[in-house]
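**Student:** Give me a model of this one.
(one chain, ligands or ions: 1)
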Amino acid sequence: MKAFEFFTPTQIIFGRGCLAQIAEEAKKLGEKTLLVTDKGLMKTGLVDPIIAALKTGDVAFDLWTDIVPNPRDVDIERGAEYARAHGIDSLIAIGGGSSMDTAKAIGALMTNGGVCADWIEGNLKHPIAPLLCVPTTCGTGSEVTHESIVNNTKTLEKDCIWGPENSVTTAMIDSTVIDHLPGSILGSTGMDALTHAVEAYVCKAANPLTNGVALSAIRLISDHILSAVQNHDPESLDAMMAASTLAGIAFGNADVASVHSISEALGGFYDIPHGVANAIFLAPVSRYSLKGAVKRYADVAKTMGISGRGESLEDLASQGVDRMAALADRLEIPKFNAFEQVDPKDFPRLAKTAAKADETEDNPVMMNEQDFIEVMTAVYEGRL
Ligand SMILES: [Fe+2]
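**Tutor:** The predicted model follows:
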């Protein structure tokens, strides 16, 4: 067995209604906190009761809402400057991956100084500022991963600030926050979580601890994603929130693979939402990668409830991939060629970015630029 490390320092507080204790938890972090969330979420009213609870609990905080999907380095650097100028010593992030990644990156600059580009080599010197995360989607797992994905506005590529110093102090996971999440967002973020779990399980960096966590996430998502989207019942919503965190722990301690190599290239260049890009490419890239990990993909299929009696591992593995494609269809994930900004002329450039992404090395089969061009073209033409 290969040597491995497993690192999960975040305190996880899970349960419907647990956010009632947020002031108590926030006070453990510091004297004055920056509440990082996005304007869209503010408009939904979801943040209001949290703000009310912080005020009632006498938590000193300023509000920071300059968050964009696919967070940009320049916004993060402004956030850190604001924090330094206003005596901020801790952070609360409310939102999806964009808010949590922005808060982590602001926290990294607060304690390490410099700009985002200084810290993309896993070279953080100090732990980030204390951070409490409240995920409001069931996808990114950012509350338990040690990475912040940042759009580099100079190169239009995605950079990553990472390392054990980049860990969240406390995650409060309360599925009441997704009670009214539109089905389309629940579906695409849920497919992001499924992609994390599948890639963590099939990738070359998997280990026995991440395997157990990844399969547990795959089972929960497979059993509950459709019901969560269609019925918004508390049991399914709880299951999706737990699965998203589990999947984050799995890939945070293993890796993702080539689905993410593509989705991150697309996010940086076209601003396609991360979950949607993953949902589009999960089945095609898995189909392409089957030959490198047939047994592993067969395990995924069995965990998704496909029975394996009398069938070859190849058949099982392939049916698992069909199930992933069917899920994307049932969740009405848009097709790749439905995005008007997508132009096959860009595929060589995107393939170059995908091929050099760190996670590409951990895909079950090696993929070079030409392979990525083939996959993107085949998906664009509806052939894979
Ligand atoms: Fe992801």
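**Student:** Which residues does the lowest-mean-pLDDT helix or strand in the chain contact?
**Tutor:** Ranked by mean pLDDT, DSSP states H and E, the helix or strand of the chain with the weakest confidence is strand 157-162, at a mean of 90. With contacts defined as C-beta atoms under 8 Å, 6 or more residues apart in numbering, strand 157-162 is touched by 70, 73, 104-105, 108, 116-117, 119-120, 122, 124, 146-152, 264-265, 267-268, 353, 358. Where C-beta positions appear, they are placed from N, C-alpha and C, glycine not excepted.
**Student:** From the residues you listed, list just the buried residues.
**Tutor:** 70, 73, 104-105, 108, 116, 119-120, 124, 146-152, 264-265, 267-268, 353 (16 or more other C-beta atoms under 10 Å).
**Student:** Can you pull the domain assignment for the protein?
**Tutor:** The record assigns the chain these domain ranges, following automatic domain parsing: 11-178, 183-380.
**Student:** mind checking which of those domains is nearest residue 1?
**Tutor:** For residue 1, the closest of the domains of the chain is domain 183-380, at 7.3 Å, according to C-beta to C-beta.
**Student:** Show the end-to-end separation of the closest one, please.
**Tutor:** Length of domain 183-380, first residue to last, C-alpha to C-alpha, to the nearest Å: 25 Å.
**Student:** just how off-centre is that domain within its chain?
**Tutor:** With C-alpha atoms, centre = their mean, to the nearest Å as the basis, domain 183-380 stands 11 Å off its chain's centre.
**Student:** where's residue 189 relative to residue 326, distance?
**Tutor:** Look at residue 189 and residue 326: by C-beta to C-beta, to the nearest Å, they are 18 Å apart.
**Student:** How about residue 24?
**Tutor:** Distance from residue 24 to residue 326, by C-beta to C-beta: 44 Å.
**Student:** Over to residue 136?
**Tutor:** Here residue 136 is placed at a distance of 27 Å from residue 326 (C-beta to C-beta).
**Student:** So for these two, which sits in the more crowded spot?
**Tutor:** Between residue 136 and residue 326, residue 136 has the larger neighbour count (other C-beta atoms under 10 Å), namely 25 against 11.
**Student:** Excluding sequence neighbours, find me the nearest residue to that one.
**Tutor:** Spatially, and ignoring its direct neighbours in sequence, residue 136 is nearest to residue 177 (4.7 Å; C-beta to C-beta, 6 or more residues apart in numbering).
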